[in-house]
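**Student:** fold the stuff below for me.
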Amino acid sequence: MPRANRLVILDRDGVINRDSDNYVKSLDEFLPYPSAINAIARLCRAGWTVAVATNQSGIARGYYDEDTLATMHEYLSALVTQAGGKIAHFAHCPHGPNDGCDCRKPLPGLLEQIRTALGMTDLQGSWMVGDSLRDLQAGEPMGCRPVLVRTGKGERTLAKQPELMSVDSGIRIFDDLAGFADWLLDQQRAH
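**Tutor:** Prediction:
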């Protein structure tokens, strides 16, 4: 069973792969950042558990189906495995914004699914990495430490909410997932 303070939960679109305002609807449109794949593998090799929590309302909207999503995640898992890492669990919300589910971020349902799937008692001290405010809000009630990356919608998020850059916000901001991994592994080596 992983320890919460050794768990990194990642949003998918914009953090691991290129995001699209038109949705990532097929394997052809699923374009992982090579530096993100490498970052996940480096974290795993250093003893971190990595999971993914992703809103996929394109399923509810009829743009793609569960099988297509599974194909994208199998491909992503294979890339990470080839690089020497492992994604411990994928949690996704297939619902639309008005479906009244408990899993669509900013609600913490996906993180609860990850906690259960990994057999953890809580997520206190885990890291939640995203490119939007709702990613960070999902982690808050679970005790996750928030990280915002500038890739994907990250720059847009910071432009809309400049207060997130304040030291008082408690949010760590990095250019991309690789930058966060570099920092986290440096912290680990320092202790």
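**Student:** and the helices in the protein?
**Tutor:** With DSSP state H as the criterion, the chain has helices at 34-45, 66-82, 109-117, 133-139, 154-160, 177-190.
**Student:** for stretch 47-65, buried residues please.
**Tutor:** 48-60, 64 (16 or more other CB atoms under 10 Å). Bear in mind the C-beta positions are built from the backbone N, C-alpha and C, glycine included.
**Student:** let me redo that: stretch 88-106
**Tutor:** 88-96, 103-106.
**Student:** repeat that for stretch 104-121.
**Tutor:** For stretch 104-121, by 16+ other CB under 10 Å, it's 104-115, 118, 120.
**Student:** ends of stretch 161-181, what's the gap?
**Tutor:** 24 Å (CA to CA, to the nearest Å).
**Student:** quick check: of the buried residues of stretch 47-65, which lies closest to Met128?
**Tutor:** Ala53 (7.8 Å; CB to CB).
**Student:** what count of nearby residues applies to the nearest residue to Gly154 once chain neighbours are set aside?
**Tutor:** In space, and not counting its chain neighbours, Gly154 is closest to Asp131: 4.1 Å by CB to CB, 6 or more residues apart in numbering. Asp131 has 27 neighbouring residues, counting by other CB atoms under 10 Å.
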